[in-house]
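Engineer: Just the structure for this:
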Amino acid sequence: MASVVEMPPAPAGADGLPTQKAGEYPTGLPSINDELMAELSMDELKAAFRIFDDTGEGFIRVLTFRNILKEIDEDFTDEELDGIISDIDSDGSGTIDFDEFCKIME
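Structural biologist: Below you'll find the model as predicted:
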């Protein structure tokens, strides 16, 4: 059987509505702790990276990433793809490591 936890009432403002504090949603619910959110985001980034790193080598081959971009938007020209990839593969290794992948996702 689930138990119900009753929340204390929020302090009322001049209009009788609860006052919104910085970092709270308009509903009065507190926002997620930034540190917790950063951990969740990092976990999500790692999970996404693993999906694209289908061989488990610790990097995404540029050709694989190029195909992914082409699937996302078929209208990319080869020149646009070359520019995107050169920006991402900052060390020119022909692969995208996790740090480079994180920069893409910012």
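Engineer: now the helices: where do they sit in this structure?
Structural biologist: For the chain, helices defined by DSSP state H occupy the ranges 34-52, 62-72, 78-88, 98-105.
Engineer: Among these, show the one with the smallest mean pLDDT.
Structural biologist: Mean pLDDT values for the helices of the chain show the minimum at helix 34-52, a mean of 75.
Engineer: per-residue confidence for the nearest residue to Ser86 once chain neighbours are set aside?
Structural biologist: Nearest non-adjacent residue to Ser86, counting by CB to CB, 6 or more residues apart in numbering: Gly92, 8.0 Å away. (C-beta placed from N, C-alpha, C; glycine too.) On the pLDDT scale, Gly92 is placed at 92.
Engineer: Gly92 and Glu100, how far apart?
Structural biologist: To Glu100, Gly92 is 11 Å away according to CB to CB, to the nearest Å.
Engineer: which other residues reach stretch 79-88?
Structural biologist: Contacts to stretch 79-88, defined as CB atoms under 8 Å, 6 or more residues apart in numbering, come from residues Val62, Phe65, Arg66, Leu69, Lys70, Phe76, Gly92, Ile96, Glu100, Lys103, Ile104.
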